[in-house]
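Engineer: model this:
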Amino acid sequence: MYRDLTADIERVLLTEEQIKERVAQIAKKIDEDYRDREGKLVLICILKGSVVFMADLMKAVTIPVDIDFMKVSSYGSGTSSSGNIKILLDLHREDLDECNVVIVEDIIDSGRTLAHLTKYLELRGARSIRTCTLLDKPERREVDFNPDYSGFVIPDEFVVGYGLDYNEAYRELPFVGVLKPCVYGK
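Structural biologist: Below is the predicted model of the structure:
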């Protein structure tokens, strides 16, 4: 049975058009930064939340690009991070030493996941590593970490849509919205 997910949204934080415009700007910057760089450009999507952002970003980048995927968990169930980073789907590339990697993430809260992945891929021998996030919540940062490419700095509110979920729901919304606290028990 169909349920209108938008009824659970307190307010739209970022419209579909705002996101599209910002993704194009990030892609242009990536093009500029990697156009003349030696090695392959590889965008690594952190599943599952980043898949929508990654799809739009890779279409907007105009230089040749490879894509790959990793699945990492730092969340238990619900809304809070466990603080433990687990790699659930690892990267399997023989050519990592030839790759300029851009890790594509949907949102940065504590910064622990991307800080961990950056070090992990450095140890694995990536030629270079940068990070890209659609959403950044710097006031939630627990480690000294700043993304190389950032779409939007947002307030410390629970957001869903454009790939972001709450218990696997809301990913398909074309915008980023603030979820009503009553939905997730606050």
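
Engineer: do you have the strands of the chain handy? List them.
Structural biologist: All strands of the chain, identified by DSSP state E, fall at 9-14, 40-47, 66-75, 81-89, 99-108, 128-136, 149-153, 159-160, 176-179.

Engineer: partner residues bridging the most centrally placed residue in the chain?
Structural biologist: By C-alpha atoms, centre = their mean, the chain has its centre lying nearest to residue 105, at 1.6 Å. Residue 105 has the following beta-bridge partners by DSSP bridges: residue 133.

Engineer: also residue 164?
Structural biologist: When bridges are called by DSSP bridges, residue 164 pairs up with residue 161.

Engineer: wait, it touches residue 172, no?
Structural biologist: No - taking contacts as C-beta atoms under 8 Å, residue 164 lies outside contact range of residue 172: 10.7 Å. All C-beta spots, glycine's among them, are computed from the backbone N, C-alpha and C.

Engineer: the nearest residue to residue 19 once chain neighbours are set aside and residue 22, how far apart?
Structural biologist: For residue 19, ignoring the flanking residues on the chain, the nearest one in space by C-beta to C-beta, 6 or more residues apart in numbering is residue 162 at 6.0 Å. Applying C-beta to C-beta, to the nearest Å, the value for residue 162 to residue 22 is 11 Å.

Engineer: now do residue 154
Structural biologist: Counting by C-beta to C-beta, the separation of residue 154 from residue 22 is 12 Å.

Engineer: show me the contacts for the residue nearest to the centre of the chain.
Structural biologist: Applying C-beta atoms under 8 Å, 6 or more residues apart in numbering, we find residue 105 in contact with 46, 49, 50, 113, 114, 131, 132, 133, 134, 147.

Engineer: gap between the residue lying closest to the fifth one once chain neighbours are set aside and residue 102?
Structural biologist: This points to residue 114. Spatial nearest neighbour of residue 114, excluding adjacent residues (C-beta to C-beta, 6+ apart): residue 131 at 5.1 Å. From residue 131 across to residue 102, the span is 7 Å (C-beta to C-beta).
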